[in-house]
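1. Structure of the sequence below:
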Amino acid sequence: EVQLVESGGGMVQPGGSLRLSCEASGVTFSNYGMSWVRQVPGKGPEWVSGINQSGSQTLYADSVKGRFTISRDNARDSVHLQMNSLKAEDTGLYYCAFGIYGTERWGQGTQVTVSS
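-> Sure, this is the predicted structure:
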């Protein structure tokens with residue numbers, strides 16, 4: 001069974017940091033580019049960042065460039081998103097997806113709330 005399990009979300013003040021993690025199972029993880037996506041109620045999914053299979057290529061939405069860093073650990077079948085200088089508009093449900101530009105949700109996601 002293919003699973004993606006996200007963790008690391010929470011509530012943080014503007015300017016704070018969080019590190020999200022996504023663990024995959026049921027697939028040969030190193031065969032897949034991966035992405036992080038966020039969604040807020042009433043809006044469609046917003047692609048945030050992507051990484052290729054080896055981790056040598058990373059891509060970011062303009063809205064997070066310079067603040068977020070995506071990385072992966074193929075030995076642990078995991079992908080991470082380090083989020084710094086968080087803003088209120090970063091609030092949303094974050095989930096990982098297959099593909100460097102993937103947006104299909106497989107797991108429960110992890111909620112990030114940025115508020116003072």
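2. from the middle of its chain, how far away would stretch 8-22 be?
-> Computed by C-alpha atoms, centre = their mean, to the nearest Å, the chain-centroid distance of stretch 8-22 equals 11 Å.
3. in that stretch, what's buried?
-> Buried residues in stretch 8-22, counted by 16 or more other C-beta atoms under 10 Å: 8-9, 12, 18, 20-22. All C-beta atoms are positioned from the backbone trio N, CA, C, and that covers glycine.
4. Quick check: end-to-end length of it?
-> Across stretch 8-22, the terminal residues are separated by 9 Å (C-alpha to C-alpha, to the nearest Å).
5. what's the answer for stretch 3-13, then?
-> First-to-last distance for stretch 3-13 - C-alpha to C-alpha - comes to 31 Å.
6. Stretch 72-86 now?
-> For stretch 72-86, the first and last residues are 21 Å from each other (C-alpha to C-alpha).
7. Now do that stretch, average pLDDT.
-> Averaging pLDDT along stretch 72-86 yields 98.
8. Contacts for that stretch next, please.
-> Stretch 72-86 has contacts (C-beta atoms under 8 Å, 6 or more residues apart in numbering) with 12, 14-25, 29-30, 34, 36, 48-49, 51, 54-55, 64, 67-71, 90, 94, 96, 112, 114.
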